[in-house]
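Return a 3D structure for these sequence lines:
(one chain, ligands or ions: 1)
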Amino acid sequence: MQVDISGCRLQLLQGDITEQNVDVIVNAANSQLAGGGGVDRAIHDAGGPSIMEETDVLYPDGCPTGSAVASGAGLLSAKHVFHAVGPVWRGGKQGEPVALQSAYRKCLQLAQQHDCNSIAFPALSAGAFGYPLDLAANVALKTCTDFQKWHKAPAEVRFVLFSEGVYGAFAKSLETLIELK
Ligand code: AR6
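Sure, this is the predicted structure:
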């Protein structure tokens, strides 16, 4: 599924983010940048050790929740990996929506700073961090479509969703957002 917003493309697809041919692959990291499971493990496994070696040197204090930092992409075909730290879901009243929005926005700002034309996101916080899928999809898509409307966003923003269920939730959310516009 894809839509065009102010000359930028927003695309949803089901697949493995490590196989995407884009300028930036976004990682769903933790605030220690310590690696872990899920998409974080997949990116470090496919990208090789240089990614962790670089983040250890550049960001010894990690990255706060709601932000993101950039590294090289090692063996991946992308130019950069942005390590974004979404919030852990604690019931929804501990600032989770603002933190999730902020993590996506920071990635889009970093993409501007690094002159990137294409960026691929996973569903930040929607796995181990337990953010309810429908709500996570809504924040992700609203943040990106708003950014595309008002700022110079990368020409292509791609959400790479690992399973049919996650893809379905994002597709439903995007349809609703488009109808509302
Ligand atoms: N490509 C695209 N999406 C993927 C892939 C892949 N190769 N593998 C998993 N996903 P998660 P979080 C999906 O848990 O919730 C880690 O341990 C997955 O199905 O990776 O932000 C980190 O180190 C889900 O929809 O990230 C952190 O400690 C989505 O990616 C913590 O988990 C996000 O799930 C971060 O948790």
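
And stretch 40-57, what's buried?
40, 42, 43, 44, 46, 47, 51, 52, 54, 55 (16 or more other C-beta atoms under 10 Å). For the C-beta atoms, the positions are set from N, CA and C on the backbone; glycine is no exception.

swap in stretch 128-140?
So, applying 16+ other C-beta under 10 Å, buried residues of stretch 128-140: 129, 131, 133, 135, 136, 137, 138, 139, 140.

ok, so what distance separates the nearest residue to residue 47 once chain neighbours are set aside from the ligand?
Leaving aside its sequence neighbours, residue 47 sits nearest to residue 74 (C-beta to C-beta, 6 or more residues apart in numbering; 3.6 Å). Counting by C-beta to the nearest ligand atom, to the nearest Å, the gap from residue 74 to the ligand is 15 Å.

how many neighbours does residue 74 have?
Under the neighbour criterion other C-beta atoms under 10 Å, residue 74 is assigned a count of 18.

for the residue nearest to the spatial centre of the chain, what are its contacts?
Central residue of the chain (C-alpha atoms, centre = their mean): residue 121, 3.3 Å from the mean position. Residue 121 makes contacts with 17, 26, 104, 107, 140, 144, 157, 158, 159, 160, as judged by C-beta atoms under 8 Å, 6 or more residues apart in numbering.
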